[in-house]
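Peer 1: sequence and predicted model, in that order:
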2 protein chains.
Amino acid sequence: MSMAIWAIIACGALSIVYGVWAIQSVMAADAGNQRMQEIAGAIQEGAQAYLSRQYTTIGIVGIVIFVIVAWLLSITVAIGFAIGAILSAAAGFIGMLVSVRANVRTTQASSLSLSAGLAIAFRAGAVTGLLVAGLALLGVAVYYLVLTGMMGYAPGDRTVVDALVALGFGASLISIFARLGGGIFTKGADVGGDLVGKVEAGIPEDDPRNPATIADNVGDNVGDCAGMAADLFETYVVTVVATMVLGAIFFAGQDVLQSALLYPLAIGAVCVATSIIGTFFVRLGANQSIMGALYKGFIATGVLSAIALYPVTAMLLGTDTVLTASNGVSFTGLDLFLCGLIGLVVTALIIVVTEYYTGTGYRPVKSIASASVTGHGTNVIQGLAVSMEATAVPAIIIIAGIIITYSLAGLFGIAIAVTTMLALAGMVVALDAFGPVTDNAGGIAEMSDLPADVRKTTDALDAVGNTTKAVTKGYAIGSAGLGALVLFAAYTEDLKYFIANAAQYPYFNGVNLDFSLSNPYVVVGLFFGGLLPYLFGSMGMMAVGRAGGAIVEEVRRQFRDKPGIMQGTERPDYGAAVDLLTKAAIKEMVIPSLLPVLSPIVMFVVINAIAGKSAAFSAVGAMLLGVIVTGLFVAISMTAGGGAWDNAKKYIEDGHYGGKGSEAHKAAVTGDTVGDPYKDTAGPAVNPMIKITNIVALLLLAVLAH
Amino acid sequence: MSMAIWAIIACGALSIVYGVWAIQSVMAADAGNQRMQEIAGAIQEGAQAYLSRQYTTIGIVGIVIFVIVAWLLSITVAIGFAIGAILSAAAGFIGMLVSVRANVRTTQASSLSLSAGLAIAFRAGAVTGLLVAGLALLGVAVYYLVLTGMMGYAPGDRTVVDALVALGFGASLISIFARLGGGIFTKGADVGGDLVGKVEAGIPEDDPRNPATIADNVGDNVGDCAGMAADLFETYVVTVVATMVLGAIFFAGQDVLQSALLYPLAIGAVCVATSIIGTFFVRLGANQSIMGALYKGFIATGVLSAIALYPVTAMLLGTDTVLTASNGVSFTGLDLFLCGLIGLVVTALIIVVTEYYTGTGYRPVKSIASASVTGHGTNVIQGLAVSMEATAVPAIIIIAGIIITYSLAGLFGIAIAVTTMLALAGMVVALDAFGPVTDNAGGIAEMSDLPADVRKTTDALDAVGNTTKAVTKGYAIGSAGLGALVLFAAYTEDLKYFIANAAQYPYFNGVNLDFSLSNPYVVVGLFFGGLLPYLFGSMGMMAVGRAGGAIVEEVRRQFRDKPGIMQGTERPDYGAAVDLLTKAAIKEMVIPSLLPVLSPIVMFVVINAIAGKSAAFSAVGAMLLGVIVTGLFVAISMTAGGGAWDNAKKYIEDGHYGGKGSEAHKAAVTGDTVGDPYKDTAGPAVNPMIKITNIVALLLLAVLAH
């Protein structure tokens, strides 16, 4: 069995080997002319400065939490927290460093051929993607090995469980800050820059005369690249950990315990390998379809994963050995393999549905474009309607996934399906991180006055980047919703465990667990949980509004103070806009991020004071589910709606309904502006918000048990 | 005890006496000059034509359901259904008839004085309000008397329960169609008329040259007046019935049963009386504050109700007699009285919060107005952020209400609090129905070229009407959310009852009730329920978009075919626009309305086929709660956000940020357009949607038991 853990760690290490190779291969490419390098340098500098400040701020919060965790639980647990936080930050930081160097190389390569541009942009994305999956896997696997192998804890020991949960919490903390801070930065720049540039000054996007343009490019990297990396790193870690916690409870005292705990890690390991293989399938075909090239890689990864899952299952658990969980549910290894396949199918279906709702070829986007003809108002109405409609099919897919996997193998079956879904994160993040590289590449082409056909190539890459970004968000939210369900199951099973062993954990003496919907404290918890995504989303949107407004003022000031900017004789002060946004984003991210961290604690304390422990545990549990229920709909509607608005604008720019400059186009620009904080700030930040609420609740149990 | 029921019926009858008197007093007023009467005639004709067609369509659906109910249950139950439907329709229809006659009289009275205009408009609203409360009370009380007194059923007999639930279902059916149909009509006219009139042709609102202007005025009556009447009629009936169902289960076999069943009716009865008294407190003070005058009436009703509740409780239940419900919870009459007071406090708090979020004097509306300066996009972003934020405090008020009343008297305490909250419906609907009258009065003043100071008076009345409409919506949704919780409790208690008496109800043999959140079918139910308000809201918004688009085409056609319209030499064909919207609204309302009716049935059948009865009952129960959880947030955010957008526009029109015609104003008009279907179609229609899902589930149980 110790063979298995070393094999898992080897797969994790493979991702680092791939990363080093891919970084070298990207860096070896031509970085273009002086002007291009100058612009790229400004973006690099801004992104690095922002991330350094962001991580410094998070670091301060992190150190406080580290001390609290060490004090309340133990130093072993606190180290888990630190590992999760540091590795998550590392994946985001390295990914961003590569991304801001790949952008200019993509521009340069695009001047040679589409295929060359695609190769560099995708390889840069793949660095981030595989580091996310690989470091997440390594973090959990190595610390698990240290705890059980070297420190001698039993596999299902509470310290192991607590340390792994804390590792997830570390990842969550980075994730919520990075998602929200990055989201406020990127959309503040985007909204503010567009308003004052496109609308007031009448200059195109990415025009070098706009002082906010470098900030906009910086934002793509810190939001879409580092933010998404932190988000999926967290979902990955948290899901694997929650699955292991469930395994530890379900198979406590059984021979199969060790294998059951390694099984989710093994799924992650094998999929790191298939993701690396998949990256080599990304190749432009004869039809020159970029999306097709990317999908080839994704499909290869999916198919190979489905195949490889079988031997992994057979070796660790056997396919027809019957496993019986402590709650009485029995299933075979084959059932778990089937649950894994369902996870892959759910991933594929969610991607298809998201593409339908955000792609320019289908009814939803076309309907928004067509509604733009009658004005700004009707564009927004139709966009909101589409955003709400877009929640229905993903919800039904998730419902079907729950029903099927539960019938196959109970709660553990659901957990394995989600784990498999997330095991593809390496490939999915690669597709997503491709987006900011191509977006920047276009910006650099524009700003350095390269020939129009270079811009055309980068535009083609960028359009696909928009779709992959939307698709990844759909995947991120679907998996977050399902992952949170596994966390919720871990909460309830953990609670049951503590109550059953109340002799050992005296705090849980006399606690009577009642999660029934007819318990009013359950209803109270559902409502309170339900309001969190709304309040949080509102805070995110308002923060973007304020940051965007500040950028408008700053740009106006620069235009006023330096009249030469518009004539092209004076250089705008790009750094001032970057600095301003850095400060704004850091300031704005703190309070909303603390909302999900503190809510479970406040809820517990208040209800405990009013109605006692039992009611408080019920209310907190229900709150976790309330957050998932409304959070899923809020997040899907925001990200799908935002993507649809964006592409409705692109559809009009492609020459429909009057094309660029028409009244319909102006209305579509309004919709796109509304969609920006929807899809890139508030919507995606709801993901980590959902999970952090859940993981804090799990930690709360650990603290109360201690 | 039979004294009590007759006293209740007498109070109900009092509302009809008041109605007759108030109608006569309105009709006796001067109806203005020839031109004014002509315009009012067109509005009357259009409103009557629309409502007749709407009720005919609902009638067809209703007859089908009547036959099904009679066949599946019994004719007695089906008659209950018919009573609910017919009385609800009657309250809406009569209210609308008065409203479309009071509008022109309000215009005329406004040419004399503000106080005269206010008197007529409020009295017309009070007719609708008191008919809603009075007819709802009479319907339930009289049919209850017939069933238990004349037909000899025992007070808690299943036939009585089923018949009353069916009565609620009848009211629900009218409500969902009327809300949605009326909402699509009114906002189709508003959005379409504004787009083509204000934006394209550059003519002001209510300009007689706009062919959609009569349709817009018709819409106010069929949406805000008849629609809101049906909505609150339903919530009233459904809450009282659910409270009675709970009482029938909790006090089965006890001496107190009869009194417990009459208690909610008695609360309704005494509040009809206090509402009538309250109407006479509506009087313009020395400060000429219209809102102040209305609040005086509302506060008088609230205070008198609080006082009157005590003797009613003392007489029916005694204040210190201990009642013990069959689930073991004990409480005194005094506890129930306190629950009633909490209901009144919740009402007051929700009104205050709604006014904060939608009033021009506070931060939310001002922030939207200020965001309008930077453009359409930022206006919409800020509006959406405000709409989401606006859900937090009402949710917390509801949570606090649940916790306090549950601690006082268990589930029955919650039910009594909601009943008391709804007992004020007479007064609240009066405030709301005042809105369309004043809105129309302004339109008539504009169209008949009355002197500017008349328009100024009607504008002052109209501005207050906007606030009262928003406030009523907050109340309607808060009470609907709480009312639905009572319905959900009725579902679970009903189910427990059938399972406990499975010998008599063989279908429930072996059903194992598990509403625990760790049951995946509960999670499935929550998700499926959660998606319904999103899907339903989306359908409503799209329907308005289509109806508005059709109006744009129609108006453009008229401007093209009759060039004299814009010169004022040719009369537009107002009737064509009314006809078009009538057809559109009727067509569009059917499918979304069937969504909540069919969903519980489909959910039950599907899950029953997959996983058996027990899972199906759990899933349907959880679905009911899922619908409430997301529905509450969707509805509050939509209605509060819409109101805030509307008033942000008004705030700018009052001269802030450049006033009328400025760029900020244009952006604010966009926000207002977006807010229209939010606040007047999709948002309010979520109310009946939530309740109809719940009541269909209750009926489903009755059918399965049969």
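Peer 2: Thanks, I have it.
Peer 1: report the buried residues of the strand or helix carrying A:Lys666.
Peer 2: A:Lys666 is part of helix A:663-677 when elements are defined by DSSP states H and E. Buried residues in helix A:663-677, counted by 16 or more other CB atoms under 10 Å in any protein chain shown: A:664-677. Where C-beta positions appear, they are placed from N, C-alpha and C, glycine not excepted.
Peer 1: please name the nearest non-neighbouring residue to A:Ile414.
Peer 2: Sequence neighbours aside, A:Thr405 is the residue nearest to A:Ile414 in space, at 4.8 Å (criterion: CB to CB, 6 or more residues apart in numbering or on different chains).
Peer 1: ok, back up a step: what's whichever helix or strand comes after the helix holding A:Lys666 packed up against?
Peer 2: Downstream of helix A:663-677, the first helix or strand assigned by DSSP H and E is helix A:683-705. Packing contacts for helix A:683-705, counted by 3 or more CB pairs under 8 Å, 6 or more residues apart in numbering or on different chains; DSSP states H and E, involve helix A:158-194, helix A:228-250, helix A:452-500, helix A:520-561, helix A:574-653.
Peer 1: A:Ile290: which of those helices is closest?
Peer 2: Closest of the helices and strands packed on helix A:683-705 to A:Ile290 is helix A:452-500, at 4.4 Å (criterion: CB to CB).
Peer 1: thinking again about what came up before, chain B: which of the helices and strands packed on helix A:683-705 is closest?
Peer 2: Among the helices and strands packed on helix A:683-705, the nearest to chain B by CB to the nearest CB is helix A:520-561 (3.7 Å).
Peer 1: state the next helix or strand along the chain beyond the closest one.
Peer 2: Taking DSSP H and E, what comes next after helix A:520-561 is helix A:564-567.
Peer 1: all helices for the stretch 1-150 of chain A, in order.
Peer 2: Taking DSSP state H, counting those that start in this stretch as the test, the helices found in the stretch 1-150 of chain A are A:2-27, A:34-72, A:75-110, A:114-145.
Peer 1: next, format the ones you listed as JSON lines and append mean neighbour count.
Peer 2: Formatted as JSON lines, the helices of the stretch 1-150 of chain A follow (neighbours: other CB atoms under 10 Å in any protein chain shown):
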{"stretch": "helix A:2-27", "mean neighbour count": "17"}
{"stretch": "helix A:34-72", "mean neighbour count": "18"}
{"stretch": "helix A:75-110", "mean neighbour count": "26"}
{"stretch": "helix A:114-145", "mean neighbour count": "27"}
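Peer 1: and the ones you listed as TSV, adding mean pLDDT and distance to chain B?
Peer 2: Listed next are these as TSV, based on pLDDT from 0 to 100; distance: least, CB to the nearest CB, whole Å:
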stretch	mean pLDDT	distance to chain B
helix A:2-27	92	29
helix A:34-72	90	22
helix A:75-110	92	26
helix A:114-145	93	25
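Peer 1: can I get these in JSON lines with distance to A:Pro155?
Peer 2: Putting those into JSON lines (distance: least, CB to CB, whole Å) gives the following:
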{"stretch": "helix A:2-27", "distance to A:Pro155": "11"}
{"stretch": "helix A:34-72", "distance to A:Pro155": "22"}
{"stretch": "helix A:75-110", "distance to A:Pro155": "15"}
{"stretch": "helix A:114-145", "distance to A:Pro155": "8"}
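Peer 1: roughly how far does the closest residue to A:Ala78 other than its chain neighbours sit from A:Val696?
Peer 2: Leaving aside its sequence neighbours, A:Ala78 sits nearest to A:Ala70 (CB to CB, 6+ apart; 3.7 Å). Note on A:Ala70: its distance to A:Val696, by CB to CB, to the nearest Å, is 17 Å.
Peer 1: wait, A:Leu323 sits on A:Thr332?
Peer 2: Yes: taking CB atoms under 8 Å as the definition, A:Leu323 is a contact partner of A:Thr332 at 7.0 Å.
Peer 1: with neighbour numbers in mind, choose between the two.
Peer 2: Legend: neighbour count by other CB atoms under 10 Å in any protein chain shown for A:Leu323 and A:Thr332, higher for A:Leu323 (21 against 18).
Peer 1: give the contact list for the more buried one.
Peer 2: A:Phe251, A:Val256, A:Ala260, A:Leu317, A:Ser330, A:Phe331, A:Thr332, A:Gly333 (CB atoms under 8 Å, 6 or more residues apart in numbering or on different chains).
Peer 1: now the host helix or strand of it, how far from the chain's geometric center?
Peer 2: In this structure, A:Leu323 sits in strand A:322-324 according to DSSP H and E. Centroid displacement of strand A:322-324 relative to its chain, using CA atoms, centre = their mean, to the nearest Å, is 34 Å.
Peer 1: one more: stretch A:130-142?
Peer 2: The answer for stretch A:130-142 is 15 Å, by CA atoms, centre = their mean.
Peer 1: output it as PDB, restricted to C-alpha atoms.
Peer 2: Taking Å, rounded to 0.1, in the frame of the first residue of the first chain, the C-alpha atoms of stretch A:130-142 are listed here in PDB:
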ATOM      1  CA  LEU A 130      -0.900  21.400 -14.000                       C
ATOM      2  CA  LEU A 131       0.700  23.200 -11.100                       C
ATOM      3  CA  VAL A 132      -2.800  23.700  -9.600                       C
ATOM      4  CA  ALA A 133      -3.600  20.000  -9.900                       C
ATOM      5  CA  GLY A 134      -0.100  18.800  -9.100                       C
ATOM      6  CA  LEU A 135       0.600  21.000  -6.100                       C
ATOM      7  CA  ALA A 136      -2.900  20.400  -4.700                       C
ATOM      8  CA  LEU A 137      -2.300  16.600  -5.000                       C
ATOM      9  CA  LEU A 138       1.200  16.800  -3.600                       C
ATOM     10  CA  GLY A 139       0.100  19.000  -0.700                       C
ATOM     11  CA  VAL A 140      -2.500  16.600   0.500                       C
ATOM     12  CA  ALA A 141      -0.600  13.400  -0.300                       C
ATOM     13  CA  VAL A 142       2.800  14.400   1.200                       C
END
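Peer 1: A:Ala423: how many residues sit nearby?
Peer 2: By the measure other CB under 10 Å, the count of residues near A:Ala423 is 32.
Peer 1: and if you look at A:Leu261?
Peer 2: Around A:Leu261 there are 23 other residues, counting by other CB under 10 Å.
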